[in-house]
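A.B. asks: Below: sequence and its predicted model.
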Amino acid sequence: MPKAFRHPYILLIGVLLLTFCKEEDTIVATPYELNTPFNFGFYDIPEDNPLTEEGVQLGRRLFYDKLLSKDQSISCASCHQQNLAFTDGKKLALGINGSQIPRNSMSIANLLWSNRFFWDGRAISLEDQALQPIENPAEMGLPIEEAVQRLRASSEYRALFFNTFGTHNLDKEHIAKALAQFQRTLISQDSRYDVFLTSGKGFTEQELHGLNLFFTHPDTKSGVRGANCFDCHRNILTDGFPSGFDGFRNNGLDNPNNLKDGLMKVTKSESDKGKMKVPTLRNIALTSPYMHDGRFETLEEVLSHYNEGVKESKTLDPLIRNATNIEGIHDEVKLGLTDQEIAAVIAFLKTLTDQKFIQNEDFSDPFENQD
């Protein structure tokens with residue numbers, strides 16, 4: 001035996017240290033196989049938070065656990081319910097003690113392809129987004145360090161965090177990473193629209209008409225009619241632009257005196273006043289009420305707004321301002337769709353409903369069937 005290890009106490013300490021390090025360092029979580037449609041495009045996953053089976057399951061549990069609210073009355077899933085495509089059916093979301101949050105709960109489908117979160121875009125990653133509702137006094141109201149202590153006090157959670165991240169000393173970054181991993185798996189890809197894109201079949205004549213209107217900017221000079229939806233909902237995910245601040249628009253909900261700050265809260269630029277994140281239209285038939293403040297109950301009301309209710313302001317999106325099917329109109333913002341065209345657009349929007357997504361057991365409440 002080398003001289004340095006002849007003393008029995010030194011040898012014992014060395015063995016204990018090696019054992020501890022081995023326990024902390026040799027945990028290797030199982031990579032999660034993420035299957036995404038080829039036509040959804042590229043996405044980024046942070047190098048320091050790869051998807052793992054253990055991380056996704058831990059995130060799913062945290063997402064549904066009311067332990068993360070101050071009075072243990074609500075969870076993330078309270079505002080994001082699977083059967084409603086991860087919205088809540090309310091005009092404005094409700095936090096602890098029934099406190100009203102001044103924003104409508106946005107669907108969290110297909111966030112893997114987004115890089116700005118919340119209606120005003122204040123979070124730049126899902127990890128950044130994950131903790132804000134927990135800490136917000138009007139939402140879940142739990143200081144994040146108290147959340148960490150609650151989870152550390154649970155032997156079950158300590159084991160789950162160890163199996164995921166290889167450490168018993170869990171912290172807020174681990175909570176954020178686990179929640180982000182689960183949310184990245186919430187992919188909606190099995191609507192009738194997706195089937196149509198791969199087969200070219202399955203749409204009625206009305207739905208095809210609605211699809212064509214949806215993706216067409218009207219041009220009265222050439223007689224091309226369109227619903228102008230594609231100018232904001234630009235990609236296969238029927239979401240906004242995939243990068244930067246391009247996915248934020250002022251869609252004419254309010255006159256200049258009533259514009260909310262929106263993106264201006266982040267950029268500090270007056271040119272962004274009133275701009276809100278363009279949400280996904282996936283499962284739109286399930287996610288009413290609509291808009292950041294839930295002002296519209298039905299899709300008919302939404303189409304009516306774009307048809308004749310748009311309010312002019314300096315930051316109104318120019319592609320909305322200049323879109324009309326009415327020849328010769330210059331001094332008003334009116335889209336000018338007929339009742340039949342509105343019905344066709346709505347028929348198309350209903351093809352975006354994904355029944356498999358809202359019934360997928362991998363996304364469901366893990367506590368639901370527990371005794």
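C.D. replies: Right, received. Where do you want to start? Numbers count the residues shown, from 1 in each chain.

A.B. asks: thinking Asp71 is in contact with Ser99, fair?
C.D. replies: No - assessed by Cβ atoms under 8 Å, Asp71 is found out of contact with Ser99, at 11.2 Å. The way it works is simple: take the backbone N, C-alpha and C, and place the C-beta from them, glycine included.

A.B. asks: Okay, strands next: where are they in this structure?
C.D. replies: For the chain, the strands defined by DSSP state E occupy 248-249, 276-277.

A.B. asks: helices or strands next to the last one in the packing?
C.D. replies: Contact here means 3 or more Cβ pairs under 8 Å, 6 or more residues apart in numbering; DSSP states H and E; on that basis strand 276-277 packs against strand 248-249.

A.B. asks: Rounded mean pLDDT for the strand it packs on, please.
C.D. replies: In this model, strand 248-249 has a mean pLDDT of 94.

A.B. asks: Please apply the same query to stretch 119-134.
C.D. replies: Stretch 119-134 comes out at a mean pLDDT of 96.

A.B. asks: Which secondary structure element of this structure has the lowest mean pLDDT?
C.D. replies: Among the helices and strands of the chain, helix 8-25 carries the lowest confidence by mean pLDDT, DSSP states H and E, at a mean of 42.

A.B. asks: where in this protein is pLDDT low?
C.D. replies: Of all residues in the chain, those with pLDDT under 70 make up the ranges 1-26, 240-244, 370-371.

A.B. asks: just the helices in it please.
C.D. replies: For the chain, the helices defined by DSSP state H occupy 8-25, 53-64, 76-79, 126-135, 144-152, 155-165, 172-184, 192-199, 205-214, 264-267, 299-304, 318-321, 339-350, 355-359.

A.B. asks: So for Pro366, which of those helices sits nearest?
C.D. replies: helix 53-64 (5.4 Å; Cβ to Cβ).

A.B. asks: For the closest one, buried residues please.
C.D. replies: 54-64 (16 or more other Cβ atoms under 10 Å).

A.B. asks: Can I get it in PDB? Just the C-alpha atoms.
C.D. replies: Coordinates of the C-alpha atoms in helix 53-64 are reproduced here as PDB (Å, rounded to 0.1, in the frame of the first residue of the first chain):
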ATOM      1  CA  GLU A  53     -37.000  10.300 -20.100                       C
ATOM      2  CA  GLU A  54     -36.500  11.100 -16.500                       C
ATOM      3  CA  GLY A  55     -36.500  14.900 -17.000                       C
ATOM      4  CA  VAL A  56     -39.700  14.900 -19.100                       C
ATOM      5  CA  GLN A  57     -41.500  12.700 -16.500                       C
ATOM      6  CA  LEU A  58     -40.200  14.900 -13.600                       C
ATOM      7  CA  GLY A  59     -41.400  18.000 -15.500                       C
ATOM      8  CA  ARG A  60     -44.800  16.500 -16.200                       C
ATOM      9  CA  ARG A  61     -45.200  15.800 -12.400                       C
ATOM     10  CA  LEU A  62     -44.100  19.300 -11.500                       C
ATOM     11  CA  PHE A  63     -46.500  20.800 -14.100                       C
ATOM     12  CA  TYR A  64     -49.500  19.100 -12.400                       C
END
